[in-house]
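Asks: how would this look folded up:
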Amino acid sequence: MAAGGSGAGAAELAWSPGAAARPPPGLEAKLGSLVLLLLLPLACGLAPLCCFRQPPGAAAARSPVLSLVSCFAGGVFLGTCLLDLLPDYLASISAALEGLRVTLQFPLPEFILAMGFFLVLVLEQVAMVQQEPSAAAEETRALLPTTASIQTPPSSSSPSPRVPAVPGGAMRAGLLVLALALHAVLEGLALGLQEGEGAVLRVCLALLLHKCAVAFSLALKLLGGRLRPPAVAACLLLFAMMSPLGVGLGTVVAAGAGPRQRLCRGVLEGLAAGTFLYITFLEILPQELGVAQHRVPKVLLLLAGFALVTGILFIKI
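Replies: Residues are numbered from 1 along each chain as shown. Next up is the predicted model:
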């Protein structure tokens, strides 16, 4: 009996190293989020290819439903950024600097956050500068069609404005997709750097809402630029793949355990949080709340998105 017990103990000891090699926390949620971030935005982007037999007009690209969804996504983004990403980022980079025994006299965490904000800002503005001279009147608009520009109904005395075809649509579409693709990598990076399953799910919810609306608008924009459906589908596939790529990169960086790896992770978290700030305060809120139509539903949906993230954080899923 003693020999049998010792043999069982030896077998248990032999098995325990394999049992200790468990996947990092949140890996299953990240894999599921990666699949969702690839398939759902791609499906939303391909939907206009099936719905429209001819290039859609400006009114289709600025539907009230898409605007309301964007406002709800803005509330989710705001809550995720202020209540989740920012506290985690500040704690992470502080721990990394303490591990390296670095004492700062300069507000480095806030500076990194601002650099993430300016990175997306510069990227978008460079893409807009490269537009053709005939499109100079649209340089102040967001990269994606929104409700901000022409939701005021035209008066009976003035003819409705025509939307001119933009020459060099392929070049402009390429710049647009490139800017959004790099943007999506940073968004996915924010998800990949999370550790807990609850944090992964919260960031995934925010990204899915935003990316689905962006993919739908991007498809309408490309179709309106007279691109052929195969080219539009290729652009949408590239855009849909970027967030999963960012998730993979963030997961690899988050697996590092050394002090330098933790500092690198903290810097990337700050850049990603700055991206979330930019999306919320310069893309979603000004474009949607600056329009007279549906103000009360937009504000209610914005508060609902923020309340959703608050409730999720409160119950600690």
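
Asks: distance of residue 36 relative to residue 42?
Replies: To residue 42, residue 36 is 11 Å away according to CB to CB, to the nearest Å. For the C-beta atoms, the positions are set from N, CA and C on the backbone; glycine is no exception.

Asks: sorry, that was for residue 214
Replies: 12 Å.

Asks: higher neighbour count, those two?
Replies: residue 214 (25 against 19; other CB atoms under 10 Å).

Asks: what strand or helix carries that one?
Replies: Assignment of secondary structure by DSSP states H and E places residue 214 within helix 197-224.

Asks: ditto for residue 77
Replies: Here residue 77 is assigned to helix 64-80, by DSSP H and E.

Asks: and the most centrally placed residue in the chain, what does it touch?
Replies: When CA atoms, centre = their mean is applied to the chain, the residue found nearest the centroid is residue 187 (4.0 Å). Residue 187 is in contact with 207, 210, 211, 243, 246, 272, 275, 276, 279, counting by CB atoms under 8 Å, 6 or more residues apart in numbering.

Asks: does it count as helix, strand or coil?
Replies: With DSSP: H, G, I helix; E, B strand; the rest coil as the basis, residue 187 sits in helix.

Asks: and it, how far from residue 196?
Replies: Counting by CB to CB, the gap from residue 187 to residue 196 is 19 Å.

Asks: same deal with residue 100?
Replies: In terms of CB to CB, residue 100 sits 24 Å off from residue 196.

Asks: and residue 278, by the same measure?
Replies: From residue 278 to residue 196 the distance is 25 Å (CB to CB).

Asks: looking at those two, which is more packed in?
Replies: residue 278 (23 against 14).

Asks: let me know the helix or strand that the residue nearest to the more buried one when sequence neighbours are not counted is in.
Replies: The shortest distance from residue 278 to any non-neighbouring residue, by CB to CB, 6 or more residues apart in numbering, is to residue 120 (4.5 Å). Assessed by DSSP H and E, residue 120 sits inside helix 108-129.

Asks: if you count neighbours, what's buried in that helix?
Replies: Neighbour counts over helix 108-129 (16 or more other CB atoms under 10 Å) mark 109, 112, 113, 116, 117, 119, 120, 123, 124, 127, 128 as buried.

Asks: how about the contacts made by residue 44?
Replies: With CB under 8 Å, 6+ apart, residue 44 has these contacts: 212, 213, 215, 216, 219.

Asks: how about residue 253?
Replies: Going by CB under 8 Å, 6+ apart, the list of residues near residue 253 reads 192, 193, 261, 264, 265, 268.

Asks: re earlier: looking at the contacts of residue 44, which gets the smallest pLDDT?
Replies: Across the set of the contacts of residue 44, residue 213 stands lowest in pLDDT, at 79.

Asks: ok, now how distant is residue 48 from residue 209?
Replies: In terms of CB to CB, residue 48 sits 18 Å off from residue 209.

Asks: check residue 267 too.
Replies: When residue 267 is compared with residue 209 (using CB to CB), they lie 27 Å apart.

Asks: and the helices in the chain?
Replies: 2-20, 27-51, 58-61, 64-80, 86-99, 108-129, 169-192, 197-224, 229-254, 259-278, 285-289, 295-315 (DSSP state H).

Asks: on that earlier part again, report the distance from the helix holding residue 214 to the chain centre.
Replies: 6 Å (CA atoms, centre = their mean, to the nearest Å).

Asks: how many residues are close by the spatially closest residue to residue 262 that is not a sequence neighbour?
Replies: Leaving aside its sequence neighbours, residue 262 sits nearest to residue 96 (CB to CB, 6+ apart; 4.0 Å). When neighbours are defined as other CB under 10 Å, residue 96 has 21 of them.

Asks: returning to that earlier point: gap between the residue nearest to the centre of the chain and residue 35?
Replies: 16 Å.

Asks: which ones are touching residue 310?
Replies: So, once contact is read as CB under 8 Å, 6+ apart, residue 310 ends up touching 79, 83.

Asks: gap between it and residue 68?
Replies: 20 Å.

Asks: quick one: pLDDT of residue 18?
Replies: 46.

Asks: whoops, residue 110 was the one
Replies: The model's pLDDT for residue 110 equals 92.

Asks: use 59 as the first number from now on
Replies: From this message on, residue numbering opens at 59, which makes the last subject residue 168.

Asks: show me the contacts for residue 290.
Replies: When contacts are taken as CB under 8 Å, 6+ apart, residue 290 is in contact with 107, 277, 280, 281.

Asks: do the same with residue 353
Replies: residue 347.

Asks: many thanks, have a good one.
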